[in-house]
Each structure stands twice: as C-alpha cells, then as structure tokens.
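Peer 1: Whatever this is, show me its structure:
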Amino acid sequence: MRTMTATEASRNFASVLDSAERGETIVITRGGKRLAVLGPAPKATGRAVKDALLPYVDSLDDAFEGDVMATRDLLTLDDPWND
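Peer 2: Next up, the predicted model:
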C-alpha cells in the first residue's frame, strides 16, 4: 500500500487512477493524517440486491419485474446537465 499527500495525488491523479486499476491501494494524507483510501472498485454482480430481496420474494407482486426493468431503462450514463 502506497501513501501520498493530497497535493501529490492531485498533481498525479491519472497515475493514481492507473495504479488503482492495476489493483494497488493508495492512502492519501493531508497534514500527516489519513484522509482517504483509493483503490480498485469491488466487482458488482447484482448478487447483493438478489440476496436483499430474497426474503420478500413471496410478497412481490406480478408487476415487480416490469417495474425493475423500466427503472433500469431510465438509467443513463449521459450527463443530464449538458443537454
């Protein structure tokens, strides 16, 4: 685990992101105190959502799947502020 100051992280942000992409974790400090930890994002598969809904599966109505799909279709990576 590498440590760097907030100033160093700011000046070398692309390199910090590249390191995280390679699996490295970077501790960012300010004034000698730990401020943040930057590292690779955990992989997400939807399993946590499935596990959370499992106890309620018998009480979900027939329209639930359609509601989830409609909500998913509303998600976008477009920036709504730049229309």
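Peer 1: State the number of residues packed around Val16.
Peer 2: Val16 has 19 neighbours, counted by other CB atoms under 10 Å. Backbone N, C-alpha and C define where each C-beta goes, glycine included.
Peer 1: Just the pLDDT at it, thanks.
Peer 2: At Val16, the pLDDT value in this model is 96.
Peer 1: you'd agree Ala20 is up against Ile26?
Peer 2: Yes - Ala20 lies in contact with Ile26 (CB atoms under 8 Å); the separation is 6.9 Å.
Peer 1: Tell me which residues are up against stretch 4-14.
Peer 2: Defining contact as CB atoms under 8 Å, 6 or more residues apart in numbering, one finds that stretch 4-14 is touched by Val16, Ile26, Val27, Ile28, Thr29, Arg30, Leu35, Leu38.
Peer 1: do you know how far the third one is from Ser15?
Peer 2: By that I understand Val27. 15 Å (CB to CB, to the nearest Å).
Peer 1: So which elements touch the longest helix along the chain?
Peer 2: Assignment by DSSP state H gives helix 64-74 as the longest helix of the chain. Contact partners of helix 64-74 among helices and strands, from 3 or more CB pairs under 8 Å, 6 or more residues apart in numbering; DSSP states H and E: none.
Peer 1: What are the buried residues along it?
Peer 2: Under the neighbour-count criterion of 16 or more other CB atoms under 10 Å, helix 64-74 has nothing buried.
Peer 1: so how far is that helix from its chain's centroid?
Peer 2: Centroid separation between helix 64-74 and its chain, computed with CA atoms, centre = their mean, to the nearest Å, is 21 Å.
Peer 1: do stretch 13-20 as well
Peer 2: The answer for stretch 13-20 is 16 Å, by CA atoms, centre = their mean.
Peer 1: One more: stretch 56-65?
Peer 2: Relative to its chain's centre, stretch 56-65 lies at 27 Å (CA atoms, centre = their mean).
Peer 1: before we move on, what about stretch 10-27?
Peer 2: On CA atoms, centre = their mean, the centre of stretch 10-27 falls 15 Å from that of its chain.
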